[in-house]
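Peer 1: here's my sequence, what's the structure:
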Amino acid sequence: MSTVDALTERAMIVLQDRPVVPLSAWLVDALADATTSGRAVQLVTPPQSRITLPLRLGAAASGPHWVVRDGDAYYEGLSGRPMRWNGATFEPVPDARDYAPGFTARPAGPVGAQLGLTYRVRHGAADPEVGGTVERMLQLLTGKSPLGWGTSEPVAEPWRPDRFTEHVRNRESARVVVAGDGPRPAQAVCAFTAAGGGAVNEATTVTVGYAPQDPPPLAHLPQLVGAIAADRPVASLLVQLTPGRADLTTEPRWTGTASPVALAVAGAVPSPQGIPGQQVGPPRAPMTLFALGDGRSPEGWQRHRRLLQHLQTPHA
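Peer 2: Sure thing, here's the model as predicted:
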């Protein structure tokens with residue numbers, strides 16, 4: 001049983017007062033327990049705490065709900081929305097119109113950039129290594145193979161593709177953290193689901209942290225996508241830039257929002273008006289790379305929506 005500080009009919013409350021809160025093994029167990037019981041996991045920290053990338057990606061999806069206690073007030077760590085305790089769970093303050101004051105305070109650490117690459121791929125039954133794509137992606141981004149992998153932090157297993165593949169293929173679904181190596185912090189969070197007939201679907205986000213004086217090499221994206229297409233073809237690859245700490249942790253404060261840089265899709269695809277496309281990769285496995293923005297402008301999401309509409313429209 002996981003360590004839970006309070007238990008109600010609607011929520012499991014976990015209190016953490018530490019500088020950095022990871023996706024620990026007991027927190028993974030708490031999430032599993034909560035799924036079984038139909039409760040939400042609400043992680044409560046002081047405003048000085050930061051959470052790791054795997055925990056943040058989980059909190060932004062279906063993982064723990066991050067609540068920050070700032071004096072006598074509470075707010076959501078990722079959105080700044082004021083919260084209150086109703087006796088059974090933390091809920092939004094209904095009349096609140098502004099961010100919580102703690103969320104708009106100056107960040108404690110330098111704000112650099114986090115380069116995120118989210119790809120989707122289906123591994124066939126004959127694919128001997130389902131970890132080959134994330135391994136190659138980390139090699140291209142860091143210059144080194146992954147350090148290790150695990151279902152929680154810190155990762156417990158050294159990088160061995162055969163053990164990684166065995167873990168994934170023996171389950172209907174698997175969520176795995178992969179630790180990168182190299183001169184900059186790098187991590188991947190992988191989600192695998194069985195697709196029938198021995199196939200496995202993978203949706204993975206690989207993130208690399210860059211300090212303010214070390215901007216991400218966005219000009220090299222065509223070469224990177226071309227190398228992935230040649231070595232480990234994927235169905236799609238979305239590139240985003242998020243303002244944040246280079247160590248890939250997240251403070252409960254506003255640092256800016258993610259913005260798309262590019263989207264690559266398998267095949268030679270015609271470009272919509274105003275969104276240039278570039279074919280990359282070998283003729284046997286081409287991808288079309290569409291430029292969406294510089295990672296800072298909100299217009300990037302407008303182009304992203306237009307591009308998705310274009311891609312979903314049948315073309316003669």
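
Peer 1: only C-alpha atoms for contact and neighbour calcs from this point on.
Peer 2: OK.

Peer 1: neighbours around Val178, how many?
Peer 2: For Val178, the count of nearby residues is 30 (other C-alpha atoms under 10 Å).

Peer 1: host element of it?
Peer 2: strand 173-179 (DSSP states H and E).

Peer 1: residues in contact with that strand: which ones?
Peer 2: Residues outside strand 173-179 that contact it (C-alpha atoms under 8 Å, 6 or more residues apart in numbering): 54, 146-153, 155, 168, 186-194.

Peer 1: partners of it in the sheet?
Peer 2: Strand 173-179 has the following sheet partners, assigned by DSSP bridges: strand 148-150 (antiparallel), strand 186-196 (antiparallel).

Peer 1: just the CA trace of it, in PDB.
Peer 2: Presented in PDB, the C-alpha positions along strand 173-179 are these (Å, rounded to 0.1, in the frame of the first residue of the first chain):
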ATOM      1  CA  SER A 173       0.000  -1.200 -21.400                       C
ATOM      2  CA  ALA A 174       3.200   0.200 -20.000                       C
ATOM      3  CA  ARG A 175       4.400   3.600 -19.000                       C
ATOM      4  CA  VAL A 176       8.200   3.900 -18.800                       C
ATOM      5  CA  VAL A 177      10.700   6.600 -18.000                       C
ATOM      6  CA  VAL A 178      14.000   6.600 -19.900                       C
ATOM      7  CA  ALA A 179      16.900   8.600 -18.600                       C
END
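
Peer 1: give me the average confidence score over it.
Peer 2: Here strand 173-179 scores 96 as its mean pLDDT.

Peer 1: do the same with stretch 109-120
Peer 2: For stretch 109-120, the per-residue pLDDT averages 98.

Peer 1: ok, now stretch 123-135?
Peer 2: For stretch 123-135, mean pLDDT is 95.

Peer 1: tell me who's in contact with Glu202.
Peer 2: 120-123, 190-193.

Peer 1: out of those residues, which end up buried?
Peer 2: Burial by neighbour count, judged by 16 or more other C-alpha atoms under 10 Å, picks out 120-123, 190-193 from these.

Peer 1: tell me the spacing between Arg296 and Thr250.
Peer 2: Separation of Arg296 from Thr250 (C-alpha to C-alpha, to the nearest Å): 18 Å.

Peer 1: apologies, that question was intended for Val67.
Peer 2: Val67 is 13 Å from Thr250, where distance means C-alpha to C-alpha.

Peer 1: same question, Val20
Peer 2: Val20 is 9 Å from Thr250, by C-alpha to C-alpha.

Peer 1: in the stretch 101-250 of the chain, which spans are strands?
Peer 2: With DSSP state E, counting those that start in this stretch as the criterion, the stretch 101-250 of the chain has strands at 112-123, 148-150, 157-158, 173-179, 186-196, 199-210, 236-244.

Peer 1: same list (those) but as CSV, adding distance to Glu9.
Peer 2: Listed next are the strands of the stretch 101-250 of the chain as CSV, based on distance: least, C-alpha to C-alpha, whole Å:
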stretch, distance to Glu9
strand 112-123, 36
strand 148-150, 31
strand 157-158, 36
strand 173-179, 27
strand 186-196, 29
strand 199-210, 33
strand 236-244, 36
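
Peer 1: quick one: closest of these to Trp301.
Peer 2: strand 236-244 (10.3 Å; C-alpha to C-alpha).

Peer 1: which neighbours does that closest one have in its sheet, and in what orientation?
Peer 2: strand 112-123 (antiparallel), strand 259-266 (antiparallel).

Peer 1: give me the contact list for the last one.
Peer 2: To tie it back to what came earlier, the one meant is strand 259-266. 225, 233-242, 285-298, 300-301, 304.

Peer 1: any of those residues buried? List them.
Peer 2: Among the contacts of strand 259-266, those classed as buried by neighbour count (16+ other C-alpha under 10 Å) are 225, 233-234, 236-242, 285-296, 300-301, 304.

Peer 1: what about those residues, which are in helices?
Peer 2: Secondary structure defined by DSSP state H assigns 225, 300-301, 304 of the buried ones among the contacts of strand 259-266 to helices.

Peer 1: and of those, the nearest to Thr45?
Peer 2: The closest of those to Thr45 turns out to be Trp301 (C-alpha to C-alpha; 31.6 Å).
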